[in-house]
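Asks: my questions are about this predicted structure, shown below with the sequence.
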Amino acid sequence: MFFELIARDNDSRARTGIISTGRGKIETPVFMPVGTAGSVKGISRHELENNIRAEIILGNTYHLYLRPGLDTISKAGGFHKFIGWEKPLLTDSGGYQVFSLAENRKLTGEGAIFRSHIDGSEHKFTPENIVDIQRSIGADIMMAFDECTPWPCEYKYALDSMELTHNWLGRGWKRFEETEPLYGAEQYLFPIVQGSVFTDLRKRSAEFISRFDSAGNAIGGLSVGEPAEKMYEMVEEVNAILPGSKPRYLMGVGTPANILECIGLGVDMFDCVMPTRNGRNGSIFTSEGIINIKNLKWKNDFSPVDQSGATNTGTQYSKAYLRHLIVSGEMLGSVIASIHNLEFYMWLIRRAREEITNGSFNNWKNSMIPRLSSKV
């Protein structure tokens, strides 16, 4: 069984479960650290496995395809052997990166022609070769090729984009069924719901992808600038349609508060660059709120970064020391901040699972969100 439901909350749609893959089990809800080009920035494999305790990481198809390239990854025996990671890997479709290159790509019904941001060379992604590329990378969970619509966008654009994504899904799914897993482990393909912030389009898209016998489903095109309440509205509408017997993955989300709200709406899987990116820039997530460690008020504050014990890293370093490292541009500052933030996200997810199991998630969520969203 790919996904087994374990527990449900009493007063929300939150649930816990276990995803089983050939490379290990994943407890849900789960947060996946983002290893864009084969590494979670500034984080060693030892830290990921032993301190952060990640059960799955995310790789980016676009970036891995361009560098180091499929030839190198294949010769290494796949992504897992290339980087020494033995646990599950999820890869996105590369669609978000391609479509963010607005001035360097051409979109057709066939696929997307784009120029590399590295050397300007021309490449083509199609629904079929995106499946082939992710097979070659060795992802345990792969994403169907889609177009991520910008926000805001007009209804007609969102409609055309959704229909294009659906057309691509049919072609990608055919290729997936015609090909075999590589490197000795099963591989799964998730369709992606699109439709921008238009309720009728989101419902149509959720109904369409639910017809496929996929192992799980993803929700894309959110957290791209729209108000948080609009994102929650779209997630709620979509999750009322997507089959509850399969995991639901909300792509690219988000803040601790976003994650807790969406767990309450029935989402099982999350990823975001925020813990590491914000950490490198001095934004520290703690159990009491968000700290801008660059602020002068922390210069002589020798208390731990997070005194709650939510993270090991937060108890080992003082605010004054971390501030010194960050404002001095010391590499260690970014590493410490990134590890702490990822630890904190993992702690939050584990607490959410405990509260769901106890049937008390909704009350706990409502008490936590104001604290998590406040500026310390």
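Replies: Structure's in. What do you need?

Asks: can you pull out the low-pLDDT segments for the stretch 101-250 of the chain?
Replies: In the predicted model of the stretch 101-250 of the chain, residues 102 satisfy pLDDT under 70.

Asks: please, where are all the strands along it?
Replies: Assigned strands in the stretch 101-250 of the chain, in chain order: 105-107, 112-115, 122-125, 141-143, 188-190, 192-193, 217-219, 248-250 (criterion: DSSP state E, counting those that start in this stretch).

Asks: and those, which is most packed in?
Replies: strand 192-193 (a mean of 30; mean count of other CB atoms under 10 Å). The C-beta positions use only the backbone N, C-alpha and C, and glycine is treated the same way.

Asks: residues touching the residue nearest the centre of the chain, list them.
Replies: For the chain, residue 271 is the residue whose C-alpha lies nearest the centre (CA atoms, centre = their mean; 1.9 Å). Contact analysis of residue 271 by CB atoms under 8 Å, 6 or more residues apart in numbering lists 31, 32, 33, 34, 58, 90, 251, 252, 253.

Asks: if we use 6 Å, what do you get?
Replies: 32, 34, 58 (CB atoms under 6 Å, 6 or more residues apart in numbering).

Asks: then residue 35?
Replies: Taking CB under 6 Å, 6+ apart, we find residue 35 in contact with 57, 59.

Asks: let's see 10 Å
Replies: Taking CB atoms under 10 Å, 6 or more residues apart in numbering, we find residue 35 in contact with 41, 43, 45, 48, 54, 57-60, 63-64, 79, 83, 85, 89-91, 271, 276.

Asks: and for residue 195?
Replies: Residues near residue 195 by CB under 10 Å, 6+ apart: 149, 155, 158-159, 161-162, 165, 201-206, 208, 219-222, 234, 237-238.

Asks: and if we set it to 7 Å?
Replies: Contacts for residue 195 (CB atoms under 7 Å, 6 or more residues apart in numbering) come out as 158, 162, 201, 202, 204, 205.

Asks: would you confirm that the last one contacts residue 191?
Replies: No - contact status for residue 205 versus residue 191: not in contact, 9.0 Å apart, counting by CB atoms under 7 Å.

Asks: buried residues, stretch 59-77. List them.
Replies: By 16 or more other CB atoms under 10 Å, the buried positions in stretch 59-77 come out as 59, 60, 61, 62, 63, 64, 65, 66, 73, 74.

Asks: using PDB, write down the CA coordinates of that stretch.
Replies: C-alpha atoms of stretch 59-77 as PDB (Å, rounded to 0.1, in the frame of the first residue of the first chain):
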ATOM      1  CA  GLY A  59      15.300  17.900  -6.100                       C
ATOM      2  CA  ASN A  60      14.600  20.200  -9.000                       C
ATOM      3  CA  THR A  61      14.300  18.700 -12.500                       C
ATOM      4  CA  TYR A  62      15.200  21.800 -14.400                       C
ATOM      5  CA  HIS A  63      18.400  22.500 -12.400                       C
ATOM      6  CA  LEU A  64      19.600  18.900 -12.300                       C
ATOM      7  CA  TYR A  65      18.900  18.400 -16.000                       C
ATOM      8  CA  LEU A  66      21.100  21.400 -16.800                       C
ATOM      9  CA  ARG A  67      23.800  20.700 -14.200                       C
ATOM     10  CA  PRO A  68      25.400  18.200 -13.600                       C
ATOM     11  CA  GLY A  69      23.200  16.800 -16.400                       C
ATOM     12  CA  LEU A  70      21.600  13.400 -16.900                       C
ATOM     13  CA  ASP A  71      24.700  11.700 -18.300                       C
ATOM     14  CA  THR A  72      26.600  12.300 -15.000                       C
ATOM     15  CA  ILE A  73      23.700  11.300 -12.800                       C
ATOM     16  CA  SER A  74      23.100   8.100 -14.800                       C
ATOM     17  CA  LYS A  75      26.800   7.100 -14.800                       C
ATOM     18  CA  ALA A  76      26.700   7.600 -11.000                       C
ATOM     19  CA  GLY A  77      23.800   5.100 -10.700                       C
END
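
Asks: if anything else comes up later, I'll come back, but that's it for now.
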